[in-house]
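**Student:** sequence first, then the predicted structure, then my questions.
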Amino acid sequence: MSDLLDGIGTATEGGLFARALEPDSGARKPHPDQPETCLNCGAQLTGAYCQACGQKGHLHRTIGAFMHDLLHGALHFEGKLWRTLPVLIFRPGKLTRRYIDGERARFVSPMALFLFGVFLMFAVFQMVGLTAPSDIDPEQAFEDTLSDAHAAAETEIGVIRNDLETQDLNDAERAELEERLALLETYLGENPDAERSIAGDLLRGIRDGASGERDGAATYPAKTSPAADQNDERIDLAEGGGTAVSLASEETGVDFIDSAVAKWRANPSLMLYKLQANAYKFSWLLIPISIPFVWLLFAWKRRFKAYDHAIFVTYSLSFMTLLFVTASLVANAGAHEIFVVLPLLIIPPVHLYKQLRGAYELSRFGAFWRLLVLSAFIWIVAALFFQILFLLGST
């Protein structure tokens, strides 16, 4: 219930943001009960709005009218939305071109539609449970990983002992197996206290490294095995067994990157939450990041300016947010995954192709090769966007 209310609140917030950018088209007749003069500035009214200050001529004073204005302003229930959505879905190139050429009062602006779509998408994600986990315990995660590694190491010890007893080994092979056996037994320990000491040292080392109190890797306590002394920075307890624990703490040498990585290791649940929150707060960054890549597709065509590319990108992103909303609702309704995955694979490239061809008046070949290049650019844009989110979440 909490997720549902939070989702509705997020969607309403997005509608109010979009409404702030998207006023009425003004195509209204004067109300029969409106006064002769504007109640705000006193100017003579000649239409539904005051020509001096822009206020409506007729003002409601009922709770029903208030609730209507709330729904109308938050959810944008007016003709412009219903005129925009069909064209955005089926003829995106025509919508983009008509808006660029000046036909704007008829359609919802791309930025208002994008803002509403982004907030609606994350609201729906929240309602259907597609949110970042908030119960990750880093210490428990490392404890579990260590336990798995110990189990794999114990299995390998059994295999080594069996080989030593049953296999016909030469001196070099026997010495290698005995050294490996000694290494595993040393780091596992012969009693539970030794094993818990290893786990404690690992977790303390991770915490110390995350807080900047200690450089380098977390290391085990001093042991007697010569092989252990040679592997005090990195030990793979279950090498060859399918599970490994790396004790190395490799650093890049770049302070802000190392600090970010340390924060992710120390509190992954908080960082995932911040990543999700920043994803919709800074989703608008996708637009300026994308524009240069679209410009590269038309760099030699002086007819198309950066403004054209901005409208193209924003309408395209608006459609993708609505597509993700639809897919998440279909999945939550219990539909087979093929009805969710296939549309997400097929619809975006088809929509991009139609939008490219219509918005820039391209031939089939011109739209097709640009679609291929743009598909590669999209991965670059996504990588840049998530790197920015990663750094923003670490500050």
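**Tutor:** Sure, I can see it. Numbers count the residues shown, from 1 in each chain.
**Student:** ok, now which ones touch Tyr360?
**Tutor:** By CB atoms under 8 Å, 6 or more residues apart in numbering, the contact set of Tyr360 is Gly93, Phe298, Lys301, Phe304, Asp308, Phe312, Gly366, Ala367. Using the backbone N, CA and C atoms, a C-beta is placed for each residue, glycine as well.
**Student:** the stretch 51-200 of the chain: helices as residue ranges?
**Tutor:** For the stretch 51-200 of the chain, the helices defined by DSSP state H, counting those that start in this stretch cover 63-75, 79-90, 92-100, 110-128, 138-166, 171-188, 192-211.
**Student:** now do His351, the pLDDT please.
**Tutor:** For His351, the pLDDT comes out at 96.
**Student:** if I look at it, how far off is Ile100?
**Tutor:** For His351, the distance to Ile100 equals 18 Å [CB to CB, to the nearest Å].
**Student:** just Leu317 next, same as before
**Tutor:** Applying CB to CB, the value for Leu317 to Ile100 is 16 Å.
**Student:** show me the contacts for Phe304.
**Tutor:** Phe304 neighbours (CB under 8 Å, 6+ apart): Phe298, Tyr360.
**Student:** quick one, what contacts the residue lying closest to His31 once chain neighbours are set aside?
**Tutor:** Distances taken as CB to CB, 6 or more residues apart in numbering put His58 closest to His31, at 3.5 Å, once the chain neighbours are dropped. His58 sits next to Pro30, His31, Asp33, Gln34, Pro35, Ala48 when contact means CB under 8 Å, 6+ apart.
**Student:** surely the first one meets Tyr49?
**Tutor:** No: taking contacts as CB atoms under 8 Å, Pro30 lies outside contact range of Tyr49: 9.0 Å.
**Student:** measure the closest residue to Leu356 other than its chain neighbours to Leu352 for me?
**Tutor:** The shortest distance from Leu356 to any non-neighbouring residue, by CB to CB, 6+ apart, is to Ala367 (4.5 Å). Look at Ala367 and Leu352: by CB to CB, they are 9 Å apart.
**Student:** again, but for Leu183
**Tutor:** Taking CB to CB as the measure, Leu183 falls 55 Å from Leu352.
**Student:** what of Phe282?
**Tutor:** 23 Å.
**Student:** of the two, who's got more company?
**Tutor:** Legend: neighbour count by other CB atoms under 10 Å for Phe282 and Leu352, higher for Leu352 (22 against 13).
**Student:** once you drop chain neighbours, what's closest to the more buried one?
**Tutor:** Closest residue in space to Leu352, ignoring its immediate chain neighbours: Leu371 at 5.7 Å, by CB to CB, 6+ apart.
**Student:** wait, that neighbour touches Gln355, no?
**Tutor:** No: the criterion here is CB under 8 Å, and Leu371 misses it with Gln355 at 9.6 Å.
**Student:** these two: which is more packed in?
**Tutor:** The residue with more neighbours, out of Leu371 and Gln355, is Gln355; 24 against 19, by other CB under 10 Å.
**Student:** isn't that one up against Pro92?
**Tutor:** Yes: using CB under 8 Å as the test, Gln355 is close enough to Pro92 to be in contact (3.9 Å).
**Student:** shared neighbours of these two, anything?
**Tutor:** Common neighbours of Gln355 and Pro92 (criterion: CB under 8 Å, 6+ apart): Tyr315, Ser316.
**Student:** where in the stretch 151-300 of the chain is pLDDT low?
**Tutor:** By pLDDT under 70, the low-scoring segments of the stretch 151-300 of the chain are 187-261, 263-271.
**Student:** run the last query once more with 50
**Tutor:** Applying pLDDT under 50 to the stretch 151-300 of the chain picks out residues 190-199, 202-207, 209-249.
**Student:** identify the contacts common to Pro30 and Tyr49.
**Tutor:** Counting by CB under 8 Å, 6+ apart, the contacts common to Pro30 and Tyr49 are Gly57.
**Student:** more neighbours, the two?
**Tutor:** When neighbours are counted by other CB under 10 Å, Tyr49 comes out ahead of the other of Pro30 and Tyr49, with 19 against 13.
**Student:** retrieve the pLDDT associated with that one.
**Tutor:** Tyr49 is assigned a pLDDT of 85 by the prediction.
**Student:** quick one on the thing from earlier: just send the contacts of Tyr360 back as JSON lines, with secondary structure and distance to Ile287 too.
**Tutor:** Listed next are those as JSON lines, based on DSSP: H, G, I helix; E, B strand; the rest coil; distance: CB to CB, whole Å:
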{"residue": "Gly93", "secondary structure": "helix", "distance to Ile287": "18"}
{"residue": "Phe298", "secondary structure": "coil", "distance to Ile287": "17"}
{"residue": "Lys301", "secondary structure": "coil", "distance to Ile287": "21"}
{"residue": "Phe304", "secondary structure": "coil", "distance to Ile287": "16"}
{"residue": "Asp308", "secondary structure": "helix", "distance to Ile287": "13"}
{"residue": "Phe312", "secondary structure": "helix", "distance to Ile287": "10"}
{"residue": "Gly366", "secondary structure": "helix", "distance to Ile287": "24"}
{"residue": "Ala367", "secondary structure": "helix", "distance to Ile287": "21"}
